[in-house]
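Enquirer: the following block contains a protein sequence and its predicted model.
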Amino acid sequence: MDNVTLSGKNIIGLENFSADEINLVLKTARSMKKIIRGKEKKLPDLKGRAIINLFCENSTRTRTSFELAGKYLGADVVSINAATSSMSKGESLRDTLMTVEAMGVDAIVIRHKAEGSAEYASKIVKPIIINAGDGAHAHPSQGLLDLFTIQQAKGRLAGLKVAIVGDILHSRVARSDIFGLTKMGAKVHLAGPKTLLPRFFDFDGVEVHDNVEDAIKNADVINILRLQLERMQTGLFPTPREYARVFGINEKRLALAKEDVLILHPGPQNKGLEISNDITYCENSAIRDQVQNGVAIRMALLYLTLNGGNS
Amino acid sequence: MKKNIWHIQRAQSSINSTFLIRGGRVIDPANKIDKIADVLIVDGKIAAVEENITFDAQETFDATGKVVTPGLIDMHVHFREPGQEAKEDFESGSRAAVAGGFTTVATMPNTSPVVDNSALVRSMIKRAEDVGLINIKIIGAVTKNQNGQELAELFDMIDAGVVAFSDDGHFDDNAKIFMNALDYLQPTGKIIICHEEETSLVKEGVMNEGKRSAILGLKGRPTVAEDIAVARDALLAEYTGGRVHIAHMSSARSVEIVRDAKKRGVKITAEVTPQHLTMTDDLVDPSDTSTKINPPLRTQKDCDALLEGLKDGTIDAIVTDHSPHAPEEKDREYIYAPSGFPGLETSLGILLTDLYHKNKIDLPTLISKMTYEPAKIFGLDAGNLTIGAPADITIIDTERAWTVDAEKFYTRGSHSPFVGRNLKGRAVATIVHGNLMRLL
């Protein structure tokens, strides 16, 4: 692993990552987590570097954690909200990117509704591009923080049974988890309404189930995805009530999983819909750890891509 | 800046001219000719197709080692006039056609405004004559403003000279209106060219629904959307006796539906594009919008079925669906980019490289699908080398190696998934009404 490096690389999606590269990020995140928990959170490593957060979609945790991650490492970080930027005046993504590049930034963290927009950005401008979510395609830092959270709790990833429950079809989190987890040797089990599962999803290490119970039976980890309520308007499921009853994760269903099952949720949660309130705060829940680990993972990504070091 | 290397000029009068094409392999499917022969053109018309013609012509072309065919026909292009000239116009589109070996094209009516009345049809025909580089046929809209709700004045447009009707760009959901159009046109024998994708199933989709879309997270346009539409229109054609032509077929199942309908004697014909014959959704890269087309690129199984359908006669014609957009319109996020790419300049090269040179199709069949068969379906005075016919001829060098370079395109469009491809074979001369339009 000594010669593995992410220096100068764009972070687009975990399908392009090797297991060694994932391990490098996880190892680096362990060190970063110690810093977050320490008193002095300002490191000099990215001093003099400039990072732009270009967020063309709403976000709380991802944007804030990228901001803090950059600042903890000593970089100058500026966030652009598309709604109040020139993009709302009709400026194209190309021109916005080129404008930002001309200001001399070293990395652009981009969130955008369009699948492929991060890779598109990487073809247009020279700064390192870090994908903070492109449509339903990928959310690599979320995938990595999920892997990190699981590894910290379970001590390993290989051989684990990980259930992902809910709206897989529209979820960039699900895709990043699936590619990351299968690369690390975990088995992924998917369940949700058939209208929210991709029709053609035959990959090694991934099993699609007809009901939630089969997917979470003896699971080591359950990742509960956020259900977007606008899916109801397009007829993909009938009512929140029925969703909660048939697909929601509650205490009764949870009993099917292993006793020490780890509960993940990328947030924000719809309480009483995909997840019941008692599950959020139960001792198996790692939802708050995910948030802290998110900062550590994003520090690791910025450090590894911008600093040139390998660990 | 684009650097065009070929000189394309407007056709001069061909009266009192003689032109002899010597020694080529003449393939004329309409007359079942495939032999080494000379072609003599007098006053813009075919005068003789014989071996060793001794005639002291004003102009000669040595076609030894090359293939001489009727001028290629493309019954499905978007020249964007009127209203969208930043994408293409009759002039730039005609030049692209000449460069690709096409002498006759038919333009789709989804322009701005839509070509849905006789006044517009007449003005487009006049415009085509003024540009005068190739034969441009006009397709009229089936419904007013292509709204799918009210019939356009179809007989007026026939009298003005349309060659067919189409609401191309989308499917006409209202089955009753579409059936009315078939009934109304039935006595005229005019064809409705149908874009077959059931609207509600493709609403937000930007690529084939399959494993690739599942990986990329892009929303899908499933094959069943096409199959449903093709099945409905085959049934309506059978029921009404009207003529339906299936545009740019892309799904394996829809080939079966058309094959079955033809067996039942339904007046149904079909076309396919080079891209749907040779490319799959595995090539979709969401950071490059050149593969975004409707219907979308499918799978190898579909490509194989389309080729089989082409060879067994289920699919009658090859078209390009030449759909140029301004470069800045295509240079953006995949989901926001308009669908389509310019195909006139790459069609023949792709077909020769990926089908003919790989022994997947023979040359006479390929040429027939681009000349004789579309002319027969649409009743055109083109697509053959019969004595007295207009001398529209394409000379093809099947061995010529070249690389697709958007900088050298004549079309205003730029984003093509074929850019960068190394091809073998292309048109080296295009002759329209006896005028050599192009010489490499």
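Expert: Thanks, I have it. Note that the structure is a prediction, hence the values are computed from the model and not measured.
Enquirer: assign the residue in the stretch 1-150 of chain B that chain A sits nearest to to one of the three secondary structure states.
Expert: Nearest to chain A, among the residues of the stretch 1-150 of chain B, is B:A86, at 15.3 Å (C-beta to the nearest C-beta). (C-beta placed from N, C-alpha, C; glycine too.) Secondary structure assignment for B:A86 (DSSP: H, G, I helix; E, B strand; the rest coil): coil.
Enquirer: nearest residue to it other than its sequence neighbours?
Expert: B:A326 (4.6 Å; C-beta to C-beta, 6 or more residues apart in numbering or on different chains).
Enquirer: wait, that neighbour sits on B:P342?
Expert: No: using C-beta atoms under 8 Å, B:A326 and B:P342 do not qualify as a contacting pair, with a distance of 11.2 Å.
Enquirer: and the stretch 101-250 of chain A, which residues reach chain B?
Expert: Proximity of the stretch 101-250 of chain A to chain B (C-beta under 8 Å from any C-beta of the partner chain) is limited to residues A:112-117, A:119-120, A:122-123, A:134-138, A:170, A:172, A:175, A:198-202.
Enquirer: could you redo the last one with a cut-off of 6 Å?
Expert: A:114-117, A:119-120, A:123, A:135-137, A:175, A:198, A:200-201 (C-beta under 6 Å from any C-beta of the partner chain).
Enquirer: ok so A:I35 is a helix residue?
Expert: Yes: looking at A:I35 with three-state DSSP, it is inside a helix.
Enquirer: now stretch B:334-351: buried residues?
Expert: Neighbour counts over stretch B:334-351 (16 or more other C-beta atoms under 10 Å in any protein chain shown) mark B:334-335, B:337-351 as buried.
Enquirer: for stretch B:366-380, same thing?
Expert: Per 16+ other C-beta under 10 Å, stretch B:366-380 contains these buried residues: B:366-378, B:380.
Enquirer: helix or strand for the nearest residue to A:N131 once chain neighbours are set aside, which one?
Expert: Once flanking residues are discounted, A:N131 sits nearest to A:A118: 3.5 Å by C-beta to C-beta, 6+ apart. For A:A118, the element it lies in under DSSP states H and E is helix A:117-124.
Enquirer: I'd like the next helix or strand past that helix.
Expert: Later in the chain than helix A:117-124, the nearest helix or strand by DSSP H and E is strand A:128-134.
Enquirer: what angle separates that next one from helix A:117-124?
Expert: Following axes from the mean of the first three to the mean of the last three C-alpha atoms, to 10 degrees, one obtains 160 degrees for the angle between strand A:128-134 and helix A:117-124.
Enquirer: need the contact partners of strand A:128-134.
Expert: Strand A:128-134 is contacted from outside by A:10-12, A:62, A:107-109, A:111-112, A:115, A:117-118, A:121-122, A:138-140, A:172, A:305, using C-beta atoms under 6 Å, 6 or more residues apart in numbering or on different chains.
Enquirer: and for residue 242, the neighbour number?
Expert: All of this is about chain A. A:E242 has 12 neighbours, counted by other C-beta atoms under 10 Å in any protein chain shown.
Enquirer: I was thinking of chain B, sorry if that wasn't clear
Expert: Number of residues near B:G242 (other C-beta under 10 Å) recorded here: 27.
Enquirer: chain A versus that one, what's the distance?
Expert: Note on B:G242: its distance to chain A, by C-beta to the nearest C-beta, to the nearest Å, is 34 Å.
Enquirer: pretty sure B:W402 sits in a helix.
Expert: No: secondary structure assignment (three-state DSSP) places B:W402 in strand, not in a helix.
Enquirer: bridging across strands, which residues link to it?
Expert: Beta-bridge pairing for B:W402 (DSSP bridges): B:L423.
Enquirer: burial count for it?
Expert: Neighbours of B:W402 using other C-beta under 10 Å come to 16.
Enquirer: name the nearest residue to whichever residue of the stretch 1-150 of chain A sits closest to chain B, sequence neighbours excluded.
Expert: Nearest residue of the stretch 1-150 of chain A to chain B: A:G116, at 2.3 Å (C-beta to the nearest C-beta). Using C-beta to C-beta, 6+ apart and skipping the chain neighbours, the partner closest in space to A:G116 is B:P286 (2.3 Å).
Enquirer: so what's that neighbour up against?
Expert: Counting by C-beta under 6 Å, 6+ apart, B:P286 has contacts A:115-116, B:216, B:334.
Enquirer: re earlier: chain A: which of the buried residues of stretch B:366-380 is nearest?
Expert: Nearest to chain A among the buried residues of stretch B:366-380, counting by C-beta to the nearest C-beta, is B:K369 at 31.4 Å.
Enquirer: give me the element that closest one is part of.
Expert: Short version: B:K369 belongs to helix B:363-370, going by DSSP H and E.
Enquirer: quick one: average confidence on the helix or strand following that helix?
Expert: Scanning forward in sequence from helix B:363-370 by DSSP H and E, the next helix or strand is helix B:372-378. For helix B:372-378, the mean pLDDT works out to 98.
Enquirer: from the chain's centre, how far out does helix B:372-378 sit?
Expert: Distance of helix B:372-378 from its chain centroid, counting by C-alpha atoms, centre = their mean, to the nearest Å, is 12 Å.
Enquirer: which neighbouring elements make contact with that helix?
Expert: If contacts are counted by 3 or more C-beta pairs under 6 Å, 6 or more residues apart in numbering or on different chains; DSSP states H and E, helix B:372-378 sits against strand B:72-77.
Enquirer: and the following helix or strand past the strand it packs on, what does it pack onto?
Expert: Next along the chain after strand B:72-77, taking DSSP H and E as the criterion, comes helix B:90-100. On a contact count with 3+ C-beta pairs under 6 Å, 6+ apart, helix B:90-100 meets helix B:118-131.
Enquirer: which outside residues touch the helix or strand following the helix it packs on?
Expert: Per DSSP H and E, the first helix or strand lying C-terminal to helix B:118-131 is strand B:135-140. Applying C-beta under 6 Å, 6+ apart, the external contacts of strand B:135-140 come out as B:104-109, B:115, B:121, B:124-125, B:128, B:157, B:162-166.
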